[in-house]
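Undergrad: Need a 3D model of the following:
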Amino acid sequence: MILHLFFLFIYISLGGVLSPSAMLMVAIAESCMAIYVKVRDTKYFILPYIITLATLLTVNIGNLSLIDRVENKADLMYIFTVPEYIPDAVMIWCVGCSIFFLGYTFFEKRSMPSVAVNITPKQSNVIFYIMLGFLVFAPWIFPLLSFLGNFAKIFGLLANVGVLFFAKLWASTDNKKYRNYAIVLLVLQTYNGIFHSYLRYEIIIPTIVFSIGYFAGKRNISYLLSYRTLPLIVVLGLFFNGFTQLEAYRSNFAVGIQNIYFGGSDEEEDAPLEAYTTTKDRGGAFDRASTIGQITAILKLVNTNGFYGGLASEPLVAALVPRILWPEKPRIAIGQWFAIETGTAYVREGETKANNSVNMTVPGELYLDFGWVGLAIGCFLFGGFFVTLWNSSQFYISNYNLTGAIWGGYILLNSLAGISGDLQISITLLSFYIIFVVIKRLCGQFV
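TA: Numbering: from 1, shown residues only. Below you'll find the predicted structure:
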């Protein structure tokens with residue numbers, strides 16, 4: 001906590017002196033130092049805190065790339081970037097991130113009621129076949145469950161985090177049966193990501209959760225620094241190498257992968273979205289990770305309209321009502337609202353809704369609604385909310401903690417986005433937590 005207070009002091013006291021790039025370099029130093037201190041002081045290194053910090057390294061490299069493009073008058077990835085607001089945007093981002101970690105570390109010893117449910121080794125076999133069934137029939141099952149709202153996402157969560165659960169079991173028990181279970185689920189989920197998904201990250205997420213589960217099960221950072229990370233590095237390298245090109249194949253990633261890595265025709269490319277300044281410069285993975293452009297757009301909105309006083313986050317109130325109780329509830333899409341508000345929404349011919357979404361970031365959304373006071377209070381509470389939910393999973397309490405592994409795995413996945421998304425994730429996390437509390441009560445009667 002003292003470390004983040006120190007860096008917060010630097011941002012506030014030197015924000016008007018340091019250049020935006022220098023501020024981001026300080027933020028990168030904060031992430032590196034915080035990771036080192038945490039790894040040194042704990043035996044567990046697969047934690048939301050560390051994953052979020054590591055993700056911020058990527059985000060801030062993307063932010064540095066954006067600033068470099070502005071300074072060199074190169075094409076910007078997104079048309080909503082407002083160069084004159086970059087210094088203030090960097091300040092909002094750096095301060096918001098530090099306060100988030102202050103909240104996280106302040107509440108680190110506190111927890112929501114536990115959702116942990118331990119199963120037996122025999123029951124783990126049944127769980128595998130249930131997850132296998134979900135994955136095999138996922139393309140047909142999930143559309144039929146959309147009326148359940150967030151509850152339907154539990155089934156998708158099982159598909160992804162099931163890989164993590166069995167990878168963690170394999171690493172902690174050295175039982176090759178669990179290794180085989182994890183690999184089968186990994187292959188099927190990757191297949192679904194390639195052939196049935198519109199989002200590129202769903203291709204790589206199964207590999208990431210497999211790796212998270214394996215290294216979490218080993219509980220020794222020496223494994224992370226060994227040859228065992230090579231498969232992950234290779235897969236990530238291939239993914240990032242083809243990230244930009246895959247944008248043109250959202251309707252059929254399989255064709256895209258064939259064309260990019262094995263050669264082929266470009267006849268199957270999709271039409272590019274108009275949110276980009278050019279069709280050639282669609283942005284790589286680091287560009288996509290940047291957050292400063294969005295916050296400059298927020299500053300422009302505030303300069304034009306003043307603070308929104310909660311209007312931006314107002315849809316979250318409706319999100320608290322389960323869709324099963326309110327079937328006609330409008331779809332909560334804060335990112336689409338922001339795209340419309342900034343004038344960068346892409347609407348296909350014959351449609352009325354935006355087809356693209358722009359993440360405001362948590363600090364940006366709080367600033368848009370309530371200014372610096374809202375940012376400070378909101379980021380602090382969001383950090384505390386995040387860690388108390390993580391602690392409720394009791395992720396490391398037992399190798400066979402099924403619900404804890406799934407819930408904790410979901411939080412770890414959300415750590416990859418960290419505070420780069422928007423506050424809508426808080427409602428999703430809360431609703432999922434309530435579902436897991438109910439599941440624990442039900443499982444307590446049978447397990």
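Undergrad: from here on, contacts and neighbour counts on C-alpha atoms
TA: Noted.
Undergrad: pLDDT below threshold where in the chain?
TA: 74-78, 141-157, 159, 196-200, 239-287, 318-333, 345-356, 444-447 (pLDDT under 70).
Undergrad: Which single helix of it contains the most residues?
TA: Longest among the helix segments of the chain by residue count, using DSSP state H, is helix 362-393.
Undergrad: and it, how far from the chain's centre?
TA: Computed by C-alpha atoms, centre = their mean, to the nearest Å, the chain-centroid distance of helix 362-393 equals 15 Å.
Undergrad: For it, name the packing helices and strands.
TA: Counting contacts by 3 or more C-alpha pairs under 8 Å, 6 or more residues apart in numbering; DSSP states H and E, helix 362-393 packs against helix 86-106, helix 292-305, helix 402-415.
Undergrad: Could I get the ones you listed in JSON lines, plus columns for mean neighbour count and distance to Asn175?
TA: Converted to JSON lines, the helices and strands packed on helix 362-393 look like this (neighbours: other C-alpha atoms under 10 Å; distance: least, C-alpha to C-alpha, whole Å):
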{"stretch": "helix 86-106", "mean neighbour count": "23", "distance to Asn175": "35"}
{"stretch": "helix 292-305", "mean neighbour count": "21", "distance to Asn175": "46"}
{"stretch": "helix 402-415", "mean neighbour count": "24", "distance to Asn175": "17"}
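Undergrad: Which one of those lies nearest to Leu66?
TA: Closest of those to Leu66 is helix 292-305, at 7.8 Å (criterion: C-alpha to C-alpha).
Undergrad: Next, the angle helix 86-106 makes with that closest one.
TA: When axes from the mean of the first three to the mean of the last three C-alpha atoms, to 10 degrees is applied, the directions of helix 292-305 and helix 86-106 differ by 110 degrees.
Undergrad: residues in contact with Pro113?
TA: For Pro113, the contact set (C-alpha atoms under 8 Å, 6 or more residues apart in numbering) comprises Ser392.
Undergrad: quick one: which helix or strand includes it?
TA: Assigned by DSSP states H and E, Pro113 belongs to neither a helix nor a strand.
Undergrad: before we move on, the earlier item: sort out which residues of the longest helix of the chain are buried, please.
TA: Judged by neighbour count using 16 or more other C-alpha atoms under 10 Å, the buried positions of helix 362-393 are 362-372, 374-393.
Undergrad: where do the helices sit along the stretch 101-250 of the chain?
TA: Secondary structure of the stretch 101-250 of the chain (DSSP state H, counting those that start in this stretch): helices at 121-144, 150-173, 176-196, 201-218, 221-224, 230-246.
Undergrad: packing partners for the third one?
TA: With contacts defined as 3+ C-alpha pairs under 8 Å, 6+ apart, the packing partners of helix 176-196 are helix 121-144, helix 150-173, helix 201-218, helix 253-262.
Undergrad: I'm done for today, thanks for sticking with me.
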